[in-house]
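sequence first, predicted model second:
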Amino acid sequence: MVLVAGSANLDFVVRAPHIPAPGETVLGGAFQTFAGGKGANQALACARAGGMATHMLLALGEDAFAAPIEASLRGAGVTLHTVRPHGAATGTAFICVDDHGENAITVAPGANACLQAAHLPPLQGFSHLLMQLEIPLPTVTAYARAAQTAGLRVVLNAAPAQALGPELLAAVDLLVVNEGELRALAGNQGSVADCLTRLPCPAVVVTLGARGCVARQGDGFYAQTSFHVQVVDTTGAGDTFCGSLVAALARQHTMGHALRQASAAAALACTQMGAQSSVPHAADVLAFLSQPSHVDEAQALLALRQFAGLP
Ligand code: RIB
């Protein structure tokens, strides 16, 4: 079983020709709401990947914004451990998506900021704990240490980027970051491979957008090129990657296989609007992976390995 501990937000989304610069007003299209939050998106992606019971520890307000989030997660089969801090509002995110599917996100954490060490449920029966950084860092550190002591594999998606203490990093088995987060944690010197090697965790995965992703596990490196799709909205693609990756690893798949599954799921998540609304089911990922590829995968892999400076 996988336990996800993290944020849940209601996303308020508007499409616009471009993301406004500071001081600029942009006229957008219709406004929509979607269930979101990095933690909740990852829990839902883990559940939809199939084959692994998924639980989530989350904090919600006693307001109307909580209901669509709960409905989305329960609809995907996620078992909820819900904290309802008195007087706190459900977390919200304000998202502008541009015509290329890129986004800019501002989060009002609300109840997410109230998750504390004492809220962690009993860990018996769980093999993996998956977390992100939209809940307080001391809470993430306390959960990671408790999970490590209980023998779980601790997976941390270090997003949004922030400095991590040695105590937290020492409790993490697998770190998942994008390139900006990797360089924020490992320093800016050298190649992606150099940065992966400098981090103390046993395994690190870095997502590199349209290029694909690269991982270090022990002394070994893996590279997975991205899948080409018609991009509508990239919101939640990284979360889909994390949830699918952990679901595959929890099913004891190899890192190479897990990266392929996660990359395919993340690509499909870019083809529809919204975060949780766009997370694919296992059958969709299977069908997508069985389609013939129209790109030169060997050449893309070589370019990815060169970009990342892989040995
Ligand atoms: O990663 C995407 C998510 O970031 C959105 O769903 C939003 O809620 C923010 O947490």
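That came through, no problem.

and residue 4, how many neighbours?
By other Cβ atoms under 10 Å, 32 other residues sit near residue 4. In this view, the C-beta of every residue, glycine as well, is placed from N, C-alpha and C.

okay but it is in contact with residue 38, surely?
No - using Cβ atoms under 8 Å, residue 4 makes no contact with residue 38, being 9.6 Å away.

how about the residues of the stretch 101-250 of the chain by the ligand?
Residues of the stretch 101-250 of the chain lying near the ligand by Cβ under 6 Å from any ligand atom: 105, 107, 134, 235-236, 238-239.

rerun at 5 Å
When proximity is defined by Cβ under 5 Å from any ligand atom, the stretch 101-250 of the chain lies next to the ligand at 236, 239.

and the strands in the stretch 101-250 of the chain?
Listed in chain order, the strands of the stretch 101-250 of the chain (DSSP state E, counting those that start in this stretch) span 103-108, 128-131, 153-157, 174-178, 203-207, 212-217, 220-225.

among these, show me which one is buried the most.
Stretch with highest mean neighbour count among the strands of the stretch 101-250 of the chain: strand 128-131 (a mean of 28; mean count of other Cβ atoms under 10 Å).

measure the residue in the chain that the ligand sits nearest to to residue 84 for me?
The chain approaches the ligand most closely through residue 36 (2.5 Å), counting by Cβ to the nearest ligand atom. Distance, residue 36 to residue 84, using Cβ to Cβ, to the nearest Å: 19 Å.

got the contact list for stretch 23-36?
The contact list for stretch 23-36 (Cβ atoms under 8 Å, 6 or more residues apart in numbering) reads 8-20, 44, 68-69, 71-73, 93, 95-96, 235-236, 273-277.

wait, what's in contact with residue 10?
Taking Cβ under 8 Å, 6+ apart, we find residue 10 in contact with 33-36, 65, 68-69, 90-93.

which of these are buried? Put it as a PyMOL command.
To isolate the buried subset of the contacts of residue 10 in PyMOL, counting by 16 or more other Cβ atoms under 10 Å, use the following:
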select buried, resi 34+35+36+65+68+69+90+91+92+93
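
helices - which of the contacts of residue 10 land there?
Per DSSP state H, helices hold the following members of the contacts of residue 10: 68-69.

returning to what we had before: and the residue of the chain closest to the ligand, what's its pLDDT?
Model confidence at residue 36, given as pLDDT, is 98.

check the one 10 residues further on too.
pLDDT for residue 46: 98.

right, and it touches residue 248 too?
No - using Cβ under 8 Å, residue 46 makes no contact with residue 248, being 9.5 Å away.

higher neighbour count, those two?
Shown here are residue 46 and residue 248; by other Cβ under 10 Å, residue 46 has more neighbours (33 against 23).

the closest residue to residue 178 other than its chain neighbours bridge partners, please.
Nearest non-adjacent residue to residue 178, counting by Cβ to Cβ, 6 or more residues apart in numbering: residue 207, 5.0 Å away. On the basis of DSSP bridges, residue 207 is bridged to residue 178, residue 213.

go on, residue 35?
Legend: beta-bridge partners of residue 35 under DSSP bridges are residue 10.

so what pLDDT did residue 297 get?
In this model, residue 297 is scored at 85, pLDDT.

what of residue 50?
On pLDDT, residue 50 comes in at 89.

pretty sure it sits against residue 281.
Yes - Residue 50 is in contact with residue 281 according to Cβ under 8 Å; the separation is 7.4 Å.

which regions of the stretch 101-250 of the chain lie under the pLDDT threshold?
Counting by pLDDT under 70, the stretch 101-250 of the chain contains no low-confidence range.

now do the helices in it.
Using DSSP state H, counting those that start in this stretch, the helices of the stretch 101-250 of the chain run over 137-149, 166-169, 179-186, 192-198, 237-250.

center of the protein - which residue?
residue 239 (2.5 Å; Cα atoms, centre = their mean).

got the contact list for that one?
Residue 239 is in contact with 38, 41-42, 45, 132, 157, 275, 279, counting by Cβ under 8 Å, 6+ apart.

export these as a markdown table, with columns for secondary structure.
Converted to a markdown table, the contacts of residue 239 look like this (DSSP: H, G, I helix; E, B strand; the rest coil):
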| residue | secondary structure |
| --- | --- |
| 38 | helix |
| 41 | helix |
| 42 | helix |
| 45 | helix |
| 132 | coil |
| 157 | strand |
| 275 | coil |
| 279 | coil |
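
residue 57: which of the strands of the stretch 101-250 of the chain is closest?
Among the strands of the stretch 101-250 of the chain, the nearest to residue 57 by Cβ to Cβ is strand 128-131 (9.4 Å).

what's the offset of that closest one from the middle of its chain?
Between the centre of strand 128-131 and the centre of its chain there are 11 Å (Cα atoms, centre = their mean, to the nearest Å).
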